[in-house]
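J.: Make a model of this:
(one chain, ligands or ions: 1)
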Amino acid sequence: MANSILVGLQWGDEGKGKIIDVLTENVDMVVRFQGGNNAGHTVEVGDEKFVLHLIPSGILHAGCQCVIGNGVVVNPLTLAQEIADLEARGYEVVDRLRISSRAQLVFSYHCVMDGLFEHKLGENKIGTTKRGIGPAYADKVNRVGIRAGELLNLPRMEHHFRTQAKFYNDIFAEASVPTVDIDSEWASIKGVADKLAPLVEDTVLSINQAVGQGLKVLFEGAQGMWLDVDFGTYPYVTSSNTTAGAACTGSGLAPSRIEHVVGVAKAYCTRVGEGPFMTELHDEEGKRMASLGNEFGATTGRPRRCGWFDAVATRYSAMLNGVDQLALTKLDVLDDFETIKVCVAYDLDGRRLSEMPIAVADYARVNPVYREFPGWCQKTSDATCWEELPERCREYLQALSGLIEAPLKIVSVGPRRDQTFFV
Ligand code: IMP
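T.: Predicted coordinates for the structure are as follows:
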C-alpha cells in the first residue's frame, strides 16, 4: 500500500480504527495528524478490545512505527495513561511511538474552559467531549500554547505553564468556576515528563526520512468530514481540519508524496453532540439502529443519534477529500431491515436540491428525499468475501458507491479484524 490518508466521511465513528488496523498490516508507519483525545478508535483483536484516543491504532501491530504529528493536541496525562495501559497489556510502546515537538499540549485548564464555554452557550452549546480540544487549538492560534518540545526543557515549560494556568484561573475565578490547582497539576505533568520527553522529536524529519527510504505511511484521520472546522456543520464541529488536506499540514509531509485517500463511511449515519443531521431518525427505526449498532460514543459513552445513509452529504465529502478508495462499514447492522433508505436529494422550501444548501443554517431545515432498497434480511457478519454477501446487499453497496462517486474497495461486516475484506 502506497502512502495514504484515511479519513471519515460522516460525523466520526465510521469505524476508522478498525479499517486502519487492517490496512496497517501493509504499512510501516501510522501518523495521527489532527484532533486529540476527543477521538476514540475502537479496535478488536481476537477477544480483546482496545479503545485508543491519542496513540495511532498501528501500535497494535508489532514493528509499525507510530507518530503523533504536529497537528494533534496532546493531553500529556492521558497520553501517559494510554501508554501505561497498552504496556500493561503486553504491548511495547516507547520504542515505536514518537511525538512531534510541535504538537500542542492540552491541560486541565483547557478542559475547564471547554466546559465554561459550553455552559455560556446554553441551549446553543456544541455538545463537545469536554476534553479541552477547542481551547487548546485556540491557544495555538493565539500563539500562547505550550508545545510538546517544551517537555525537553522543564524549567522553561514550568514558567510558561504557570503563566497560562494563572491566566485561565483568573477567568475561572471571575466566572465563579472552580480554579485549577496549579501546583498539583504541575506535579502530575512533571510525573509523566520523564516518560514522554524521550518520545519527542522533529517528526517532520522522521516522516520524510521514512518516505525517502520507501517505507509506506498511513495518515490516520480522527472524527469525520462533517466535523471539520472549515467544511463541516459549523459551528457544530470540532476545532481541527478533519479532512485529507490536513494530513499534510498536520504532519509536514508534502501533498506530492501522497498517493491515495481512503474514505470510510458507515452503511448508515450517526452523530454525537449537537448540530444538524439531515437524515436523523427520531422513531423506532432510529432506536433499532442505535441498539443493533451499539451506537454509544467510545470517548464519552454518549448515545449516538442515528439515521439513514446520506448520499448527498457523503458525495460532497468524497469529492472534497478526493477519495479513491471507499470503505463501507457496519453493514451487518442493517441485516434485519426490510427496507433500507438512502437520501439522494433534499427538499428545501419547495425546491429540490441535489447538492448541499449554501447556508449551514439550512441543513437543519431540509427534508431528505429517499430512494428505497429492499433489505437482504440475512446475516452478513460471517461473510469473508464479496461473493459471500447476499445479492441485495451487494446491490446496496454498489449503489452507495455509485451515488457518492467513489470506488468501493473495502467492506466491513463486524468489529473483528477477520470481518473485513477487500472488494
Ligand atoms: P470537541 O471535539 O470535543 O470540541 O467536540 C466538538 C464536536 O465534535 C462535538 O459534537 C463532539 O461530539 C464531536 N466529536 C469530537 N470528537 C469526536 C469523535 O471522535 N467522534 C464523533 N464525534 C466527535
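
J.: contacts and neighbour counts: CA atoms only from here.
T.: Fine.

J.: For this protein, just list every one of the helices.
T.: Assigned by DSSP state H, the chain shows helices spanning 16-23, 76-88, 108-121, 133-141, 154-174, 182-196, 203-212, 246-249, 284-292, 311-321, 391-404.

J.: So for the ligand, which of those helices sits nearest?
T.: Taking CA to the nearest ligand atom, helix 133-141 is the member of the helices of the chain nearest to the ligand, at 5.1 Å.

J.: does any part of the closest one sit near the ligand?
T.: Yes. Contact of helix 133-141 with the ligand (CA under 6 Å from any ligand atom) involves 133-134.

J.: pull the CA atoms of that helix into PDB?
T.: Coordinates of the C-alpha atoms in helix 133-141 are reproduced here as PDB (Å, rounded to 0.1, in the frame of the first residue of the first chain):
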ATOM      1  CA  ILE A 133      -9.800  20.500  22.400                       C
ATOM      2  CA  GLY A 134     -11.200  23.800  21.300                       C
ATOM      3  CA  PRO A 135      -9.400  25.900  23.900                       C
ATOM      4  CA  ALA A 136      -6.100  24.100  23.200                       C
ATOM      5  CA  TYR A 137      -6.400  24.900  19.400                       C
ATOM      6  CA  ALA A 138      -7.400  28.500  20.400                       C
ATOM      7  CA  ASP A 139      -4.200  28.800  22.400                       C
ATOM      8  CA  LYS A 140      -2.200  27.600  19.400                       C
ATOM      9  CA  VAL A 141      -3.800  30.200  17.100                       C
END
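
J.: Please name every helix or strand in contact with that helix.
T.: strand 73-74, strand 104-105, helix 108-121 (3 or more CA pairs under 8 Å, 6 or more residues apart in numbering; DSSP states H and E).

J.: change it to 7 Å
T.: Counting contacts by 3 or more CA pairs under 7 Å, 6 or more residues apart in numbering; DSSP states H and E, the secondary-structure elements packed against helix 133-141 are helix 108-121.

J.: what mean pLDDT would you report for the helix it packs on?
T.: For helix 108-121, mean pLDDT is 98.

J.: What residues sit buried inside that helix?
T.: Within helix 108-121, the residues scored as buried using 16 or more other CA atoms under 10 Å are 108-118.

J.: Now do that helix against helix 76-88, angle only.
T.: Computed with axes from the mean of the first three to the mean of the last three CA atoms, to 10 degrees, the direction of helix 108-121 lies at 120 degrees from that of helix 76-88.

J.: wait, does helix 108-121 make contact with the ligand?
T.: No. Where contact is defined by CA under 6 Å from any ligand atom, no part of helix 108-121 touches the ligand; the two come within 7.7 Å at best.

J.: From the contact counts, what lies against that helix?
T.: Applying 3+ CA pairs under 7 Å, 6+ apart, one finds that helix 108-121 makes contact with helix 133-141.

J.: what mean pLDDT does the helix it packs on have?
T.: Averaged across helix 133-141, the pLDDT comes to 98.

J.: Same check on stretch 343-352?
T.: Stretch 343-352 shows an average pLDDT of 98 in the prediction.

J.: Quick one: end-to-end distance for it.
T.: 12 Å (CA to CA, to the nearest Å).

J.: Also stretch 251-260?
T.: As for stretch 251-260, its first-to-last residue distance stands at 16 Å under the measure CA to CA.

J.: what does stretch 22-31 give?
T.: 15 Å.

J.: Give the buried residues for stretch 275-292.
T.: For stretch 275-292, the neighbour count (16+ other CA under 10 Å) marks 275-281, 286-290 as buried.

J.: Just the CA atoms of it, as PDB, please.
T.: Listed in PDB are the C-alpha atoms of stretch 275-292, where the atom choice follows Å, rounded to 0.1, in the frame of the first residue of the first chain:
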ATOM      1  CA  GLY A 275     -25.900  20.200  15.200                       C
ATOM      2  CA  PRO A 276     -27.800  19.400  12.000                       C
ATOM      3  CA  PHE A 277     -28.200  15.800  10.900                       C
ATOM      4  CA  MET A 278     -30.200  15.800   7.700                       C
ATOM      5  CA  THR A 279     -31.400  12.100   7.800                       C
ATOM      6  CA  GLU A 280     -31.800  11.700  11.600                       C
ATOM      7  CA  LEU A 281     -34.500   9.300  12.600                       C
ATOM      8  CA  HIS A 282     -36.500  10.100  15.700                       C
ATOM      9  CA  ASP A 283     -38.600   7.000  15.600                       C
ATOM     10  CA  GLU A 284     -38.300   3.300  16.500                       C
ATOM     11  CA  GLU A 285     -36.200   2.600  13.400                       C
ATOM     12  CA  GLY A 286     -33.500   5.000  14.700                       C
ATOM     13  CA  LYS A 287     -33.600   3.400  18.100                       C
ATOM     14  CA  ARG A 288     -33.300   0.000  16.500                       C
ATOM     15  CA  MET A 289     -30.200   1.100  14.500                       C
ATOM     16  CA  ALA A 290     -28.700   2.500  17.700                       C
ATOM     17  CA  SER A 291     -29.100  -0.700  19.600                       C
ATOM     18  CA  LEU A 292     -28.100  -3.000  16.800                       C
END
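
J.: contacts for it?
T.: For stretch 275-292, contacts defined as CA atoms under 7 Å, 6 or more residues apart in numbering pick out 233, 236, 304-308, 310, 333, 363-364, 366, 368.
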